[in-house]
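>>> give me a 3D structure for the following:
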Amino acid sequence: MIDYVGTFIFFFAVIDPIGTVPVFLAVTSRHAQAERRSIAIRAALASTGILVFFVVAGEVIFTAMKIPLSAFQVGGGLVLFLFALTMIFGESKPEEEMKIAGTGRETAIFPLAVPSIASPGAMLAAVLMTENSRFGIVEQALTTAVMLLVLLVALLFMLAAGPLQRVIGDSGASVVSRVMGMILASVAAANVLAGIETHFGL
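Okay, here's the model as predicted:
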């Protein structure tokens, strides 16, 4: 069986629902309350569809390209690690994506669903956590359920964005994003080590 707490924390780190709150507020600043609710629901549904697609078809695509599991683990781990470094040392997720929100392309799909919720790191994580060679169908289904739970949390955070923003502020969201980056970096390093172990038969 899967580690529910560990899996939840991992997906919470890559999806970062708290970091989505200031992005959502920036995107919906000129919308009425009912419309904001509709945007939040559409963004959550779109990001859910994208991540479930990567759970179902991501590994099939890599297999069709004849990419070995060990290479995918190392490559995916490195990408996740770089993604984590940008969260820790660069502009945090809310700071970076609020700039995107200011370009005028303010829709539920961009920048909310992608790249705020269904980020490249989240897409890659969805594939890594449901590898056919490492996890059975039941484990993959349970992992997907945990991922959907995190997406539900992201939706609830968007619906309660106003009060949450008053509690944590922009600086609080930035701090949480950096802490999540540290957790993600550790998971990414573990994936790289697992890939090296598999490749060299250690």
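>>> C-alpha from now on. contacts and neighbour counts both.
Will do.
>>> what number of residues lie near Glu197?
13 (other Cα atoms under 10 Å).
>>> what's the spacing between it and Gln73?
Distance of Glu197 to Gln73, given as Cα to Cα, to the nearest Å: 10 Å.
>>> the least confident helix or strand in the chain by mean pLDDT: what's the following helix or strand?
Lowest by mean pLDDT, DSSP states H and E among the helices and strands of the chain is helix 93-101, with a mean of 62. Next helix or strand after helix 93-101 toward the C-terminus (DSSP states H and E): helix 120-128.
>>> so who does the nearest residue to Gly195 once chain neighbours are set aside touch?
Spatially, and ignoring its direct neighbours in sequence, Gly195 is nearest to Ser70 (4.3 Å; Cα to Cα, 6 or more residues apart in numbering). Residues near Ser70 by Cα atoms under 8 Å, 6 or more residues apart in numbering: 194-196, 198-199.
>>> can you pick the most crowded of those?
Neighbour max across the contacts of Ser70 (other Cα under 10 Å) = Gly195, 22 neighbours.
>>> quick one, what contacts the residue most central in space within the chain?
Among the residues of the chain, the one closest to the centroid is Ile15, at 2.6 Å (Cα atoms, centre = their mean). Contact analysis of Ile15 by Cα under 8 Å, 6+ apart lists 116-119, 121-122, 150-151.
>>> what about the helices in the protein?
4-15, 17-27, 33-64, 69-88, 93-101, 120-128, 137-159, 161-200 (DSSP state H).
>>> tell me the mean pLDDT over the second one?
Same thing as helix 17-27. Helix 17-27 shows a mean pLDDT of 85.
>>> so which elements touch that helix?
Judged by 3 or more Cα pairs under 8 Å, 6 or more residues apart in numbering; DSSP states H and E, helix 17-27 is in contact with helix 93-101, helix 137-159, helix 161-200.
>>> if we can go back for a sec, top of the contacts of Ile15 by neighbour count?
Ile117 (30 neighbours).
>>> quick one: low-confidence residue ranges for the chain.
Along the chain, segments meeting pLDDT under 70 span 91-107.
>>> how many neighbours does Phe72 have?
The number of residues packed around Phe72, counting by other Cα under 10 Å, is 20.
>>> distance of it from Glu35?
41 Å.
>>> Gly162 too?
Counting by Cα to Cα, the gap from Gly162 to Glu35 is 14 Å.
>>> and the helices of the chain as CSV, adding distance to Ala108?
Output for the helices of the chain, formatted as CSV (distance: least, Cα to Cα, whole Å):
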stretch, distance to Ala108
helix 4-15, 16
helix 17-27, 8
helix 33-64, 5
helix 69-88, 23
helix 93-101, 11
helix 120-128, 17
helix 137-159, 12
helix 161-200, 15
